[in-house]
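**Student:** coordinates for the following, if possible.
(chains A, B, C and D)
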Protein chains: 2
Amino acid sequence: MDYMLQLREKGLKVTPSRLNVIKVLDSSHLAYSHSDLESLFSKMDRVTLYRILKDFEDAGIVHKIMDIDGVTRFAICKSTCPDGHHTDDHVHFNCKACHKMFCLEKVQVPHLKMPQGFKAMGLHTLIYGLCENCSGA
Amino acid sequence: MDYMLQLREKGLKVTPSRLNVIKVLDSSHLAYSHSDLESLFSKMDRVTLYRILKDFEDAGIVHKIMDIDGVTRFAICKSTCPDGHHTDDHVHFNCKACHKMFCLEKVQVPHLKMPQGFKAMGLHTLIYGLCENCSGA
DNA sequence: ATGCAAATGCAACAATGTTGCGTTTGTTAA
DNA sequence: TTAACAAACGCAACATTGTTGCATTTGCAT
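**Tutor:** Numbers count the residues shown, from 1 in each chain, chains lettered A, B, ... in the order given. Model prediction:
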């Protein structure tokens, strides 16, 4: 594992809890809710998990997004984001059936023209529908 | 006012609380948070406000969106949405400075091509940056 | 004016997220 | 290796947001 390296590079101490969280998130392109992770690591304190996710977000290791139901979710940053400032303009897909949330890194979002006076700094695109498993395709 | 008509058409009884809420929302293209409205109508019960907004959403009078900070907000539906099923695919703009949220009805979102197997049913586009007031333009 | 269903207010609860503080642990440097 | 310090952790308490049940009030149709 060079998760240890990755953590140290960001100035974060290597702890079992952090390694567990980063391992799970990095091994899929799904966005996990806090309660997903909480039940996955039942012996970890709830507050510790909040703090780990916050630290990871600040370090640019994960990004936080809202799903269609207003639940906050966390996913690994595949493309390296500059610390603190996430450039995760990629599309997120939320399945209405299984409620999983996918990062669709490859879908390109065209630039949108803003009305006079509005200065865009970034955008979040959330698509909902049926995922590959649930669409029966 | 024909807010009364609008409410009756949707099968909702006309009450002072409902008239107040619909008046505020309809008189701007801003999306209001629950706490915005709560402090605006301080004598209204918190639960009543939740229920009014829920009823309005079900009736297609308002739509609910998340802002950039994960706060749920409500805005009037300008284009008529079919009851219960919102087609509010328009863009929302969140100002990083004043935290206001605008409905940009006129910005068109191009159709995005999904990866194999993913069936899109709708999308939310949230742009953040500086609004006309805060950009100094 | 009357009656009924719908809307409201209140209390209690659940879920999610935050803060403070004492204890434990990772890391650096002797 | 060990000692020391800062960072991370666990726990308790609290804040905010949203939900549910029930008794009371109110809008509206007759």
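
**Student:** and stretch A:41-56, anywhere near chain B?
**Tutor:** No: Stretch A:41-56 stays clear of chain B (Cβ under 8 Å from any Cβ of the partner chain), getting no nearer than 13.3 Å. Where C-beta positions appear, they are placed from N, C-alpha and C, glycine not excepted.

**Student:** er, stretch A:121-137 I mean
**Tutor:** Yes: Stretch A:121-137 reaches chain B (Cβ under 8 Å from any Cβ) through A:121-133, A:135, A:137.

**Student:** among the residues you listed, which are in strands?
**Tutor:** With DSSP state E as the criterion, strands contain A:M121, A:G122, A:L123, A:H124, A:T125, A:L126, A:I127, A:Y128, A:G129, A:L130 from among the residues of stretch A:121-137 next to chain B.

**Student:** with respect to B:D69, which of the residues you listed is nearest?
**Tutor:** Distance to B:D69 across these (Cβ to Cβ) is lowest for A:H124, with 11.8 Å.

**Student:** residues near the closest residue in space to that closest one that isn't next to it in sequence, how many?
**Tutor:** In this structure, A:H124 finds its nearest non-sequential neighbour in B:L126, 4.5 Å apart by Cβ to Cβ, 6 or more residues apart in numbering or on different chains. Applying other Cβ atoms under 10 Å in any protein chain shown, we find 19 other residues in the vicinity of B:L126.

**Student:** what of A:P16?
**Tutor:** 9.

**Student:** so what touches stretch A:111-126?
**Tutor:** Contacts made with stretch A:111-126 from outside it, assessed by Cβ atoms under 8 Å, 6 or more residues apart in numbering or on different chains, are listed as A:65-68, A:86-87, A:89-94, A:109, B:68, B:91, B:93, B:96, B:102, B:104, B:106-107, B:109, B:112, B:123-133, B:135, B:137.

**Student:** for the residue nearest to A:H124, give me the pLDDT.
**Tutor:** If you check B:L126, the pLDDT there is 95.

**Student:** get me the contact residues on chain A for DNA strand D.
**Tutor:** A:12-13, A:15-18, A:43-45, A:47-48, A:51-52, A:55, A:70 (Cβ under 7 Å from any atom of the strand).

**Student:** ok, and the most crowded of the residues you listed?
**Tutor:** Result: A:I52 is most packed of the residues of chain A next to DNA strand D (other Cβ under 10 Å), 23 neighbours.

**Student:** what residues does chain A put near DNA strand C?
**Tutor:** Selection of chain A residues close to DNA strand C by Cβ under 7 Å from any atom of the strand yields A:4, A:8, A:13-16, A:33-35, A:46-47, A:50-51, A:54, A:71-72.

**Student:** rewinding a little: tell me which residues form a beta bridge with the residue nearest to A:H124?
**Tutor:** Beta-bridge pairing of B:L126 under DSSP bridges involves A:H124, B:H92.

**Student:** buried subset of the residues of stretch A:121-137 next to chain B as a PyMOL selection?
**Tutor:** Buried subset of the residues of stretch A:121-137 next to chain B, written as a PyMOL selection, criterion 16 or more other Cβ atoms under 10 Å in any protein chain shown:
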select buried, chain A and resi 122+123+124+125+126+127+128+129+130+131+132
